[in-house]
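> for reference, the sequence and a predicted model appear below.
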Amino acid sequence: METHQAKLDQNPPQKTNRTFVLSQVGLRILAFGVTLAATLLMATNKQTISLFGFEVVAKFSYSPTFRFFVGGNAVACAYSLFSLPFVFILSSQGSGPGSYFYMFLLDLVIMGLVMASAASTTAIAYVGRNGNSHIGWTAICDHFGKFCDKSGGALLCCYVAFTLFFLLTVLSASKQRQMQVSAY
């Protein structure tokens, strides 16, 4: 019991709470930025080329996967922004472990959404870059280089956002656990 008390004396609750709030705010602002970048990069992704005298256009809206990517990242972007005030509300003295559970749950759902949009877009981007000789699909990135590069940048942003939401999920879960342990 004395070692537990010594740990509490070394790391006072207010300092721990301030660190938690600052890390939550920082990660949510970063998540907002990268999901906004991913959304804008993909939503403005369009390239027109002339192939054998015909105008061929590649747009994100031609693929349901790319539309899902834009929608998923837009939802994650909005969530990152709108969840910021709730971090401050939850950090107030009266919040219990149950409140942090809801934040954890929402972070987990958004992390899953970002992961799903990144994974599905990665599969389509892989086929676009390499094709699939077994089915007869040819690679298009040799013709639409700018389109593919911009899609790759959006995907990179999305994977960074996934990592940030994963960290937010871990932080929310550890805060809830910490509050439950200290309640005993």
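Now that the structure is in, tell me what you want to look at.
> spit out the contact partners of the spatially most central residue of the chain.
Centroid check for the chain by C-alpha atoms, centre = their mean gives residue 161 as the closest residue, at 3.1 Å. Applying C-beta atoms under 8 Å, 6 or more residues apart in numbering to residue 161 gives the contacts 31, 34, 35, 38, 73, 76, 114. Heads up, the C-betas are built off the backbone N, CA and C, glycines and all.
> and it, how far from residue 57?
Distance, residue 161 to residue 57, by C-beta to C-beta, to the nearest Å: 28 Å.
> quick check, pLDDT for the residue nearest to the centre of the chain.
pLDDT for residue 161: 97.
> show me which residues of the helix or strand encompassing it are buried.
Residue 161 is part of helix 145-183 when elements are defined by DSSP states H and E. Buried residues in helix 145-183, defined by neighbour count with 16 or more other C-beta atoms under 10 Å: 147-148, 150-152, 154-155, 157-169, 171-173, 175-176, 179.
> next one: stretch 101-110
Buried, per 16+ other C-beta under 10 Å, within stretch 101-110: 101, 103, 104, 106, 107, 108, 110.
> dump those residues into TSV; add distance to residue 17 as well.
As requested, those are arranged in TSV below (distance: C-beta to C-beta, whole Å):
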residue	distance to residue 17
101	17
103	14
104	16
106	20
107	18
108	22
110	23
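> can you name the residues in contact with stretch 108-124?
Taking C-beta under 8 Å, 6+ apart as the rule, stretch 108-124 contacts 35, 63, 65-66, 68-69, 71-73, 75-76, 79-80, 151, 154-155, 158-159, 161-162, 165-166, 168-169.
> again, but for stretch 25-34
Contacts of stretch 25-34 (C-beta under 8 Å, 6+ apart): 76-77, 80-81, 83-84, 87, 157-158, 160-161, 164-165, 167-168, 171.
> the chain: strands as residue ranges?
46-51, 54-59 (DSSP state E).
> turn those strands into TSV, including mean pLDDT, mean neighbour count and distance to residue 143.
Putting those into TSV (pLDDT from 0 to 100; neighbours: other C-beta atoms under 10 Å; distance: least, C-beta to C-beta, whole Å) gives the following:
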stretch	mean pLDDT	mean neighbour count	distance to residue 143
strand 46-51	82	12	6
strand 54-59	86	12	8
